[in-house]
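**Student:** sequence and predicted structure below; questions after.
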Amino acid sequence: MNQTKIKRKIGKYEVGRTIGEGTFAKVKFAKNSETGQPVALKILDKDKVLKHKIAEQIKREVATMKLIKHPNVVRLYEVMASKTKIFIVLEFVTGGELFDDGLLHTTCGTPNYVAPEVLDDHGYDGATADLWSCGVILFVLLAGYLPFDDSNLMNLYNKISSAEFTCPPWISFNARKFITRILNPNPVTRITIPEILKDEWFKKDYKPPVFDEKEDTNLDDVEAVFKNSEEYLVTEKKEQQPVAMNAFELISMSKGLNLGNLFEAEQLQEFKRETRFSSTRPANEIINKIEEAAKPLGFDVHKKNYKMRLENVKAGRKGNLNVATEVFQVAPSLHMVEVRKAKGDTLEFHKFYKNLSTCLEDVVWKTEEDMQETE
């Protein structure tokens with residue numbers, strides 16, 4: 001007799017894989033079970049939000065997202081809550097994380113995109129410092145490399161403090177002038193938002209945001225979720241088997257339409273923060289094997305259904321490496337395992353995965369060619 005699979009549901013949304021993770025929130029792929037629409041579900045822990053006093057920040061974020069309608073700004077659909085969590089339902093945008101291309105990721109944790117006044121740590125204006133970071137990102141998008149980079153941390157700090165960077169010849173004069181005004185090491189004379197909106201290069205093909213006056217800044221729903229209002233409370237159903245993954249989700253996780261990397265152990269690349277392998281072994285066996293391999297490496301293991309959190313506060317020179325793993329069902333006899341760095345240094349994650357993969361050789365699925373080569 002076939003066993004019924006129970007997917008994780010939050011209200012009317014079927015919840016899938018994790019697509020992003022931060023200090024206070026986790027973002028998961030989800031699907032509206034009534035319409036089939038894919039969404040991104042941002043999940044926040046109520047206790048953490050209140051403990052760190054960021055409730056007002058969340059309310060401002062929601063109010064701003066409610067107001068703006070723009071093709072380059074993620075839409076907010078609704079806000080819900082359970083007894084312990086807050087759920088923000090957002091537009092699902094394909095293409096992966098901006099910081100996964102290696103260029104926008106900080107090199108081994110160095111602050112390539114941080115404003116000089118932040119490095120000085122003498123107090124700074126958050127909005128002005130954020131403008132600098134936006135300037136660094138704009139430079140990378142136009143140039144293809146970081147404006148400030150050095151293997152020596154002190155040299156990097158000096159380059160940032162003096163705004164020592166070189167634009168490639170393909171960047172236009174107006175774009176160079178604009179970037180130079182943003183990457184001004186003096187926050188007092190750095191370009192402001194009103195000045196940016198008047199810049200000739202910035203205004204070219206610029207589409208101003210449309211503010212939805214009907215939405216206004218009504219935050220009744222956000223206030224209600226913090227007060228456990230029955231109107232916005234939803235029920236959570238936990239999955240008891242690995243989350244099933246369909247072909248469209250597989251494609252969204254691959255590079256283009258090449259699914260080859262999803263069905264064999266991937267070669268680790270510089271700055272890569274996650275990797276996947278597949279296995280024909282039962283899901284419980286895979287989870288147990290990962291646990292057996294991780295504990296001798298000094299990791300504390302926290303299991304929840306077919307997800308695991310591996311924590312090691314002493315891993316490597318920087319310490320505090322957290323690794324998240326999850327098992328997905330691709331077919332009745334085939335599972336895909338995602339291993340992702342949740343916290344800590346990327347290089348240490350690479351070292352961890354190499355050790356882990358050695359211990360899991362008998363679990364990873366091999367192609368017929370691989371088996372012939374072994375024989």
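**Tutor:** Perfect, I can see it now. Residues are numbered from 1 along each chain as shown.

**Student:** quick check: domain ranges of the chain?
**Tutor:** According to automatic domain parsing, the chain is divided into the following domains: 9-93+210-237, 98-203, 243-374.

**Student:** pLDDT on the longest one, on average?
**Tutor:** Looking back up the chat, that one is domain 243-374. Domain 243-374 carries an average pLDDT of 73.

**Student:** and S133, what element?
**Tutor:** Using DSSP states H and E, S133 sits in helix 126-143.

**Student:** hey, C-alpha coordinates of that helix in CSV?
**Tutor:** This file holds the C-alpha atoms of helix 126-143, laid out as CSV (Å, rounded to 0.1, in the frame of the first residue of the first chain):
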residue,chain,number,x,y,z
GLY,A,126,23.2,54.1,8.0
ALA,A,127,21.5,55.5,4.9
THR,A,128,24.8,57.2,3.7
ALA,A,129,26.8,54.0,4.4
ASP,A,130,24.2,51.9,2.4
LEU,A,131,24.7,54.3,-0.6
TRP,A,132,28.4,53.4,-0.6
SER,A,133,27.5,49.7,-0.6
CYS,A,134,25.1,50.3,-3.5
GLY,A,135,28.0,52.0,-5.4
VAL,A,136,30.2,48.9,-4.9
ILE,A,137,27.5,46.7,-6.3
LEU,A,138,26.9,49.0,-9.2
PHE,A,139,30.6,49.0,-10.0
VAL,A,140,30.7,45.2,-10.0
LEU,A,141,27.6,45.0,-12.3
LEU,A,142,29.3,47.3,-14.8
ALA,A,143,33.0,46.3,-14.5
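
**Student:** which of the residues in it are buried?
**Tutor:** Neighbour-count burial for helix 126-143, counted by 16 or more other Cβ atoms under 10 Å, picks out 128-129, 131-133, 135-136, 138-140, 143. (Each C-beta comes from the backbone N, C-alpha and C, glycine too.)

**Student:** report the central residue of the chain.
**Tutor:** The chain has G20 as the residue nearest its centroid, 3.0 Å off, counting by Cα atoms, centre = their mean.

**Student:** thought it was touching K26?
**Tutor:** Yes: using Cβ atoms under 8 Å, G20 makes contact with K26 at a distance of 7.2 Å.

**Student:** against which helices or strands is the helix holding S133 packed?
**Tutor:** With contacts taken as 3 or more Cβ pairs under 8 Å, 6 or more residues apart in numbering; DSSP states H and E, helix 126-143 sits against helix 116-120, helix 173-182, helix 193-198.

**Student:** export these to CSV and tack on mean neighbour count, mean pLDDT and distance to S278?
**Tutor:** Below are these laid out as CSV (neighbours: other Cβ atoms under 10 Å; pLDDT from 0 to 100; distance: least, Cβ to Cβ, whole Å):
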stretch, mean neighbour count, mean pLDDT, distance to S278
helix 116-120, 17, 83, 42
helix 173-182, 16, 95, 44
helix 193-198, 11, 93, 47
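
**Student:** for the ones you listed, give me a markdown table that also has distance to K31.
**Tutor:** Output for the helices and strands packed on helix 126-143, formatted as a markdown table (distance: least, Cβ to Cβ, whole Å):
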| stretch | distance to K31 |
| --- | --- |
| helix 116-120 | 39 |
| helix 173-182 | 39 |
| helix 193-198 | 37 |
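
**Student:** between those helices, which one is nearest to L356?
**Tutor:** Between L356 and the helices and strands packed on helix 126-143, the tightest spacing by Cβ to Cβ is seen for helix 116-120, at 35.0 Å.

**Student:** who touches the closest one?
**Tutor:** For helix 116-120, contacts defined as Cβ atoms under 8 Å, 6 or more residues apart in numbering pick out 111, 124, 128-129, 132, 157, 160-161, 163, 185, 187.

**Student:** coming back round to it: the residue nearest to the centre of the chain pairs with what?
**Tutor:** Beta-bridge pairing for G20 (DSSP bridges): V27.

**Student:** cool, and V243?
**Tutor:** In beta-bridge terms (that is, DSSP bridges), V243 pairs with F328.

**Student:** rewinding a little: ok, the buried residues of helix 126-143 vs F328, which is closest?
**Tutor:** Using Cβ to Cβ, the buried residues of helix 126-143 come closest to F328 at V140, 32.0 Å.

**Student:** and that closest one, how far from P168?
**Tutor:** V140 sits 11 Å away from P168, going by Cβ to Cβ, to the nearest Å.

**Student:** what are the ranges of the helices in the chain?
**Tutor:** 46-51, 55-67, 116-120, 126-143, 153-161, 173-182, 193-198, 200-203, 220-226, 247-253, 283-294, 346-359, 368-374 (DSSP state H).

**Student:** the fourth one vs helix 153-161, what angle?
**Tutor:** For helix 126-143 against helix 153-161, the angle between stretch directions is 100 degrees (axes from the mean of the first three to the mean of the last three Cα atoms, to 10 degrees).

**Student:** now stretch 11-23, how far from the centre of its chain.
**Tutor:** 11 Å (Cα atoms, centre = their mean, to the nearest Å).

**Student:** cool, stretch 277-284 as well?
**Tutor:** 25 Å.

**Student:** related to what we said a few turns ago, now the angle from the helix holding S133 to helix 173-182?
**Tutor:** 150 degrees.
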